[in-house]
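J.: Pasting a predicted model and its sequence here:
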There are 2 protein chains.
Amino acid sequence: MSGVFTRDDEYFMRAALAEARVAFDEGEIPIGAVIVCEGRIIARAHNEVERLLDPTAHAEVLAITSATQSLGGKFLSSGCTLYVTVEPCTMCAGALFWSRVGRIVYGAKEEKFGYSCHAPSLFPKAIRVEGGLLEVEARELMQSFFASRR
Amino acid sequence: MSGVFTRDDEYFMRAALAEARVAFDEGEIPIGAVIVCEGRIIARAHNEVERLLDPTAHAEVLAITSATQSLGGKFLSSGCTLYVTVEPCTMCAGALFWSRVGRIVYGAKEEKFGYSCHAPSLFPKAIRVEGGLLEVEARELMQSFFASRR
C-alpha cells in the first residue's frame, strides 16, 4: 500500500535513513527505524545482527524494545508510528502486531522477505501500513551494500 | 503437523514445560522453550513480556538470542532443535526462520495466534516442524493461567 505522506512523515523517515546509514557504516544490512509518539522520536535503532550475533536484532525489534522502555509499559499506543526504511520481514511484522503500534510507514518494498510475501493478512485494521516513502533512498542504500559485498 | 517423537524429545519438552511453569509462577503467559544442540540444552527461556515490559520477549526469541550467544555465531545450525510448549506465533516463527534452526517441536496448537494461521508457508523444507508433543500438559497450563485471570 502506498500512502499520502506529510512533511513530518518525510522528516521522520529521514531520521530512519540516518540510522540505516549507521548500519551501513558498521557492516550491517542497512535498515533503520524510528518510533514517533505524539510528534517526538522516542526510539531510534538500526540492524545489529552482526554486532550482537543475534538474528532477531532487526531495527524494528530493537526500536520496539527501546520504545516500550521509554514509555514504561509493555505496549506502544495507537498514537505511535514506526518508520522503517524497508518493508518489515515476517518476524518484525509479528513484533509490530504485538506492540500495538498505530501506524507503520516503510520505504522500499522487500520483494523476498517482506511480511506481505508470507503473512499479508497479519495486521488488524487498527494498524495502518503505508509504504513507498523515500523508497529510492532506502533501496539505493540496500543495493549499494549488497554490491559492495560481491 | 504432528510427529513421531523419541524419548529424548519428551525429555527436552519436559524441560520446556519446566520453563513454562516458571513463567506461570511469575505471572507471565506460561510458555517455555529450550534449544538443543548435539544432544545438549544450550538455551532455556520463558516468556518475560511483563517483567521486561517488552512485547517481543517471547520464550522463543529469548532462547534464540541466548543460544547464538552460547554458540558464538549469529546462526543456529541444522543440528539444533527448538522445543516450545505452544505453537510459535508469527513473530517467533519469523525469528526461527532467520535463526536457521533445523527442527521445531511444539506442544499445544495455538488456534488464534499460531504462525500457521497467518504465515503457514513461511518455513523452507530445511526447517522441519512437528507439533503435539505433551500437548495436554502445555494446554492445561495455559488454560489454568487464563482461568486464574478471569
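T.: Right, received. Where do you want to start?

J.: how close does the closest residue to A:Gly27 other than its chain neighbours sit to B:Arg100?
T.: Leaving aside its chain neighbours, A:Gly27 sits nearest to A:Glu50 (6.0 Å; criterion: CB to CB, 6 or more residues apart in numbering or on different chains). Backbone N, C-alpha and C define where each C-beta goes, glycine included. A:Glu50 is 15 Å from B:Arg100, where distance means CB to CB, to the nearest Å.

J.: who has more neighbours, these two?
T.: Neighbour tally, A:Glu50 and B:Arg100, criterion other CB atoms under 10 Å in any protein chain shown: the higher count belongs to B:Arg100, 17 against 14.

J.: mind listing what that one touches?
T.: Shown in contact with B:Arg100 (CB atoms under 8 Å, 6 or more residues apart in numbering or on different chains): A:Pro55, B:Phe75, B:Leu76, B:Ser77, B:Ser78, B:Ala126, B:Ile127.

J.: Need the three-state assignment for A:Val36.
T.: strand (DSSP: H, G, I helix; E, B strand; the rest coil).

J.: near chain B, which residues of chain A show up?
T.: By the criterion of CB under 8 Å from any CB of the partner chain, the positions of chain A lying close to chain B are A:49-50, A:53-56, A:61, A:64-65, A:68-69, A:72-75, A:89-95, A:97-100, A:118-119, A:121-122.

J.: Name the helix or strand for the residue nearest the centre of chain A, please.
T.: Centre of chain A computed as the mean C-alpha position; nearest residue by CA atoms, centre = their mean is A:Val84, 2.6 Å away. A:Val84 is part of strand A:80-86, with elements assigned from DSSP states H and E.

J.: Summarise which helices and strands whatever helix or strand comes next after that strand is packed against.
T.: Note on strand A:80-86: by DSSP H and E, the next helix or strand toward the C-terminus is helix A:90-99. If contacts are counted by 3 or more CB pairs under 8 Å, 6 or more residues apart in numbering or on different chains; DSSP states H and E, helix A:90-99 sits against helix A:59-71, helix A:115-118, helix B:90-99.

J.: Could you dump those into a markdown table with mean pLDDT, mean neighbour count and distance to A:Asp8 added?
T.: Formatted as a markdown table, these follow (pLDDT from 0 to 100; neighbours: other CB atoms under 10 Å in any protein chain shown; distance: least, CB to CB, whole Å):
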| stretch | mean pLDDT | mean neighbour count | distance to A:Asp8 |
| --- | --- | --- | --- |
| helix A:59-71 | 97 | 24 | 18 |
| helix A:115-118 | 96 | 21 | 25 |
| helix B:90-99 | 98 | 27 | 28 |
